[in-house]
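Peer 1: sequence and predicted structure, then a few things I'm wondering about:
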Amino acid sequence: MSFAADWLTLREPADRAARDRGLVDKFARRVAANAAPLIIDIGCGTGSTLRSLSGDVGSVTEWLLLDNDPLLLEEAARLCGAGEPVTFRQHDLNDLGELPLDNAAMVTASALFDLCSEAFARAFAETLADRSVGLYAALNYDGRIEWTLPHPADDAILAAFNRHQQTDKGFGVALGPAATGRLATLFGGHGFQVETAISPWQLSRRDKALQKAFIEGFRQPLLEIGEPVDIEDWIAFRLAAIDRPDSHCTVGHVDLLALPA
């Protein structure tokens, strides 16, 4: 599983705006309470989590960014710039036994766990519980997409898209919209203090490039699912509506903070 750097760049401003500030503040306080804080960001992509949170956790914090895609790691190193206390490492997240958790204060992940399976989430919770390491998992898709301008196929397309979100994305059959709820249950079962907060994208015509990529990104999943709707008609309608001042799109996400007691 990997994503194009262009898509990750497009979504970064929307992700940054969507993060729940209350959970970010609690995460930052937890990191600051560690004498030598190390944050491990898994599935780091181009490093957007670091760029979003570095101002909250302070310059003394060290970061270890992990991803399975060497090209994304190379782009992350370029975008994060010189002088950051950050290390980049290629790592297959399916190999949880080799996750380098020594001295870690927290693990972070953005838009990752909705792509992961029940088995992966369960094993991941056990791994962090064994080491008493907390998790801040932001921007997990929750199954909600709402448009101010309706189209007759909206419900059918959303249902088909959500079914596709629960197919294998590289970690087994994905949890999709159920991810945050399962993480909360799993970490809670290990005695973690768990909080969640909604973090939806709020997209308008100011986000034209992101909306265009997001809308066109429905085509392949719906073709794979085989939903009998005119996807091209729906895409054309949605693209034409982007520039209208009354056109708005909300894409639901949920953030989670799980702290060992």
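Peer 2: Right, received. Where do you want to start?

Peer 1: list the contacts of residue 80.
Peer 2: Contacts for residue 80 (C-beta atoms under 8 Å, 6 or more residues apart in numbering) come out as 47, 50-51, 86. Using the backbone N, CA and C atoms, a C-beta is placed for each residue, glycine as well.

Peer 1: actually residue 213, not the one I typed
Peer 2: 6-7, 10.

Peer 1: for residue 93, same thing?
Peer 2: Residue 93 touches 42-43, 66, 68, 99, 120, 171, counting by C-beta under 8 Å, 6+ apart.

Peer 1: taking those residues one by one, which sit in strands?
Peer 2: 42, 66 (DSSP state E).

Peer 1: in JSON lines: the contacts of residue 93, plus distance to residue 161 and neighbour count.
Peer 2: Output for the contacts of residue 93, formatted as JSON lines (distance: C-beta to C-beta, whole Å; neighbours: other C-beta atoms under 10 Å):
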{"residue": "42", "distance to residue 161": "25", "neighbour count": "23"}
{"residue": "43", "distance to residue 161": "21", "neighbour count": "24"}
{"residue": "66", "distance to residue 161": "28", "neighbour count": "21"}
{"residue": "68", "distance to residue 161": "25", "neighbour count": "17"}
{"residue": "99", "distance to residue 161": "31", "neighbour count": "19"}
{"residue": "120", "distance to residue 161": "21", "neighbour count": "20"}
{"residue": "171", "distance to residue 161": "19", "neighbour count": "20"}
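
Peer 1: ok, of the contacts of residue 93, which one's closest to residue 106?
Peer 2: residue 42 (11.1 Å; C-beta to C-beta).

Peer 1: quick check, that closest one in contact with residue 112.
Peer 2: Yes. In this structure, residue 42 is within contact of residue 112 by C-beta atoms under 8 Å, at 6.8 Å.

Peer 1: mind putting the contacts of residue 93 into TSV with pLDDT and distance to residue 214?
Peer 2: Formatted as TSV, the contacts of residue 93 follow (pLDDT from 0 to 100; distance: C-beta to C-beta, whole Å):
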residue	pLDDT	distance to residue 214
42	97	24
43	96	19
66	96	26
68	94	24
99	92	31
120	96	25
171	88	22
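
Peer 1: turn the contacts of residue 93 into a markdown table, including distance to residue 187.
Peer 2: A markdown table is the format used below for the contacts of residue 93 (distance: C-beta to C-beta, whole Å):
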| residue | distance to residue 187 |
| --- | --- |
| 42 | 15 |
| 43 | 18 |
| 66 | 20 |
| 68 | 24 |
| 99 | 16 |
| 120 | 14 |
| 171 | 17 |
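
Peer 1: out of the contacts of residue 93, which is nearest to residue 220?
Peer 2: residue 171 (19.2 Å).

Peer 1: contacts only, for the closest one.
Peer 2: Counting by C-beta under 8 Å, 6+ apart, residue 171 has contacts 1, 93-94, 115-117, 120.

Peer 1: please name the nearest non-neighbouring residue to residue 168.
Peer 2: Spatial nearest neighbour of residue 168, excluding adjacent residues (C-beta to C-beta, 6 or more residues apart in numbering): residue 174 at 6.6 Å.

Peer 1: typo on my end, residue 6
Peer 2: residue 213 (8.0 Å).

Peer 1: what helix or strand is the nearest residue to residue 125 once chain neighbours are set aside on?
Peer 2: Residue nearest to residue 125 in three dimensions, not counting chain neighbours: residue 186, with 4.0 Å by C-beta to C-beta, 6+ apart. Taking DSSP states H and E as the criterion, the element that holds residue 186 is helix 179-189.

Peer 1: could you check that helix and say which residues are buried?
Peer 2: 179-180, 182-184, 186-187 (16 or more other C-beta atoms under 10 Å).

Peer 1: now do stretch 132-149
Peer 2: So stretch 132-149, judged by 16+ other C-beta under 10 Å, has buried residues 133-143, 145, 147.

Peer 1: could you dump those to CSV with secondary structure?
Peer 2: Listed next are the buried residues of stretch 132-149 as CSV, based on DSSP: H, G, I helix; E, B strand; the rest coil:
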residue, secondary structure
133, coil
134, strand
135, strand
136, strand
137, strand
138, strand
139, strand
140, strand
141, strand
142, strand
143, strand
145, strand
147, strand
